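Engineer: I would like the atomic coordinates for the input below:
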Amino acid sequence: MQRLRIPTLLSAFLTLLNDRLSESIFLPLLPYLLAQFTSSGSTLGLLSGTYALSQFLVAPLIGALSDRFGRKPVITICVGGSVLGMGLFAITLSLPWQQIWPSASAAGLPLALLFAARIIDGISGGTAPTATAVLADITPPENRAKAFGLIGVAFGLGFALGPGLGGVLGEMNRILPAWGATGFAMVNLLMVSVFLPETHPVEARQPLPRKRALNPVSLLQRVFAYPDVRRLALAFFGFFLAFNGFTAILVLYLKSAFAWTEGMAGAAFALVGVIAMVVQGGLIGPLVKRFGELRLTLTGLGLLTVGCLLVPLATKETSMPVIYSAVSLLAFGTGLVTPCLRALVSRRLTRDGQGAALGGLQGLQSLGSFLGAAAAGFSYDRLGQTSPFWIGAIVLLGVGLLIAGSPRQNDMVPQN
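Structural biologist: Here you go, the predicted structure:
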């Protein structure tokens, strides 16, 4: 078993990294990639959020299938789906539609294929919870916190590398990042097919639950079934609504208002990833011990709100310093809010309620990510280019009021 541990950990790590890269590598590129088909903010917002919505709809089913049939077949099929989705995305962008089939281009076929590609990739996004289950299978309970640190490292690394790599490759050739992401997914597929052992023994397999339990809406109902966490759960949803609205529309705004290139936008998002990884990887523990989760959550929301308000104040002459300051505040605030808000919810739950409620939070995150991106795109088109940032700041203020409205005494106490 010990000999199998290293390839198992490596397979799980690459799967988690691929899950994040397949989404983050396009963050600084989508407005440039879509320019040949549309300049609509609404279309961009919907395409940005399609991945998260697809993931939300199938996450309960993917988890149940891995409990019933084992981790390896589920991860292999999901990574294969990622290869298919990324490949379709790359092929669609690579074809000269105006030359080979102008009527199809005019009818919106390329856009439909791009949406189909993101849906396929999103449906295949069940790799993250299944890879997490692999780590739990091979690690004793007392060591799982350390093993789960791989999740944060993989996600942080993916968010730091993805946008930067996408920006650099995009300036060489705008289609290159899509083929690069497809190639990485193929390496991931080879790794799990050859080296990943089955970690979920047959005797531990569970039958598929009833259809009602596989309904993603039921995950949300489980969260709000706990009176002590309803306000915090609503705040959690509002946070991701605002955060993903900001990130989905930011590059389109920078491209349209200030003529930023792919490399400049990629560097801004890479900075977000690096700062968030440093905060969550090294600073969050000492900060929680000193200040407690509630204070850090409210501080993070304040930083995020200031970041949202800074963006509309930028001009062509000041865009570089202002935008980089804004995204730095965004990154630091996100690094504080995400783990601390989860911890506040967790501390208000009994041990029996942890799994269902925290799983529901993941569903709220995915749903908020989709709705936030879609709403920001609609607002950009209908209310003006800067409107998503003003609205995001208002939503974040509302989130802060929800959290501050009913604090408990143990929320205020720093962790020793």
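
Engineer: how about low-confidence regions in this structure?
Structural biologist: 1-4, 125-126, 141-153, 213, 349-360, 406-416 (pLDDT under 70).

Engineer: so what's residue 116 closest to, chain neighbours aside?
Structural biologist: Nearest-residue entry for residue 116: residue 88, 6.6 Å, with adjacent residues in sequence omitted and distances by Cβ to Cβ, 6 or more residues apart in numbering. For the C-beta atoms, the positions are set from N, CA and C on the backbone; glycine is no exception.

Engineer: element containing the one you found, please.
Structural biologist: Assigning secondary structure by DSSP states H and E places residue 88 in helix 71-94.

Engineer: tell me which helix or strand comes right after that helix.
Structural biologist: Scanning the chain past helix 71-94 towards its C-terminal end, the next helix or strand to appear is helix 97-100 (assignment: DSSP H and E).

Engineer: contacts for that following helix next, please.
Structural biologist: Among residues not part of helix 97-100, those counted as contacts by Cβ atoms under 8 Å, 6 or more residues apart in numbering are 36, 104-105, 109-110.

Engineer: top of these by neighbour count?
Structural biologist: Each of the contacts of helix 97-100 was scored by neighbours using other Cβ atoms under 10 Å; the highest score is residue 110's, at 20 neighbours.

Engineer: thinking again about what came up before, quick one: buried residues of the helix holding residue 88?
Structural biologist: Buried residues in helix 71-94, defined by neighbour count with 16 or more other Cβ atoms under 10 Å: 71-72, 74-90, 92-93.

Engineer: same check on stretch 199-215?
Structural biologist: By neighbour count on 16+ other Cβ under 10 Å, the buried set for stretch 199-215 is 199-200, 214.

Engineer: hmm, back to that, how about TSV for the contacts of helix 97-100, with secondary structure and distance to residue 317 added?
Structural biologist: As requested, the contacts of helix 97-100 are exported to TSV (DSSP: H, G, I helix; E, B strand; the rest coil; distance: Cβ to Cβ, whole Å):
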residue	secondary structure	distance to residue 317
36	coil	30
104	helix	43
105	helix	38
109	helix	41
110	helix	37
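
Engineer: same list, these, but as JSON lines with distance to residue 258 please.
Structural biologist: Shown next, in JSON lines, are the contacts of helix 97-100 (distance: Cβ to Cβ, whole Å):
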{"residue": "36", "distance to residue 258": "21"}
{"residue": "104", "distance to residue 258": "33"}
{"residue": "105", "distance to residue 258": "29"}
{"residue": "109", "distance to residue 258": "32"}
{"residue": "110", "distance to residue 258": "27"}
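
Engineer: what's the closest of the residues you listed to residue 182?
Structural biologist: Proximity to residue 182 was ranked across the contacts of helix 97-100 by Cβ to Cβ; first place goes to residue 110, at 17.3 Å.

Engineer: that closest one touches residue 104, doesn't it?
Structural biologist: Yes: taking contact to mean Cβ atoms under 8 Å, the distance of 7.4 Å between residue 110 and residue 104 places them in contact.

Engineer: can you give me the helices in the stretch 51-200 of the chain?
Structural biologist: With helices called from DSSP state H, counting those that start in this stretch, the stretch 51-200 of the chain shows them at 71-94, 97-100, 102-106, 109-123, 127-138, 144-172, 176-195.

Engineer: any chance of those helices in a markdown table, with distance to residue 388 too?
Structural biologist: Below are the helices of the stretch 51-200 of the chain laid out as a markdown table (distance: least, Cβ to Cβ, whole Å):
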| stretch | distance to residue 388 |
| --- | --- |
| helix 71-94 | 25 |
| helix 97-100 | 29 |
| helix 102-106 | 28 |
| helix 109-123 | 20 |
| helix 127-138 | 27 |
| helix 144-172 | 19 |
| helix 176-195 | 24 |
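
Engineer: residue 278: which of these is closest?
Structural biologist: helix 144-172 (8.5 Å).

Engineer: so what's residue 342 closest to, chain neighbours aside?
Structural biologist: Once its chain neighbours are removed from consideration, residue 342 has its nearest residue in residue 361; the separation is 6.6 Å (Cβ to Cβ, 6+ apart).

Engineer: in contact with the one you found, which residues?
Structural biologist: If you count contacts by Cβ under 8 Å, 6+ apart, then residue 361 has 223, 233, 236, 342, 345 around it.

Engineer: outline the domain layout of the chain.
Structural biologist: Residue ranges for the structural domains of the chain, counted by automatic domain parsing, are given in the record as 1-199, 215-416.

Engineer: residue 244 reaches residue 49, doesn't it?
Structural biologist: Yes: taking Cβ under 8 Å as the contact criterion, residue 244 and residue 49 are neighbours in contact, 7.1 Å apart.

Engineer: find the residues that touch each one of these two.
Structural biologist: When contacts are counted by Cβ under 8 Å, 6+ apart, residue 244 and residue 49 are jointly contacted by 369-370, 372-373.

Engineer: most neighbours among these, please name it.
Structural biologist: Counting by other Cβ under 10 Å, top hit in these: residue 372 with 31 neighbours.

Engineer: if we can go back for a sec, restricted to helices, list the shared contacts of residue 244 and residue 49.
Structural biologist: The members of the shared contacts of residue 244 and residue 49 that map onto helices under DSSP state H are 369-370, 372-373.

Engineer: for those residues, could you give me a markdown table that also reports distance to residue 118?
Structural biologist: Listed next are those as a markdown table, based on distance: Cβ to Cβ, whole Å:
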| residue | distance to residue 118 |
| --- | --- |
| 369 | 13 |
| 370 | 11 |
| 372 | 16 |
| 373 | 11 |
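
Engineer: list just the nearest of those to residue 312.
Structural biologist: Each of these was scored against residue 312 by Cβ to Cβ, and residue 372 proved nearest at 17.5 Å.
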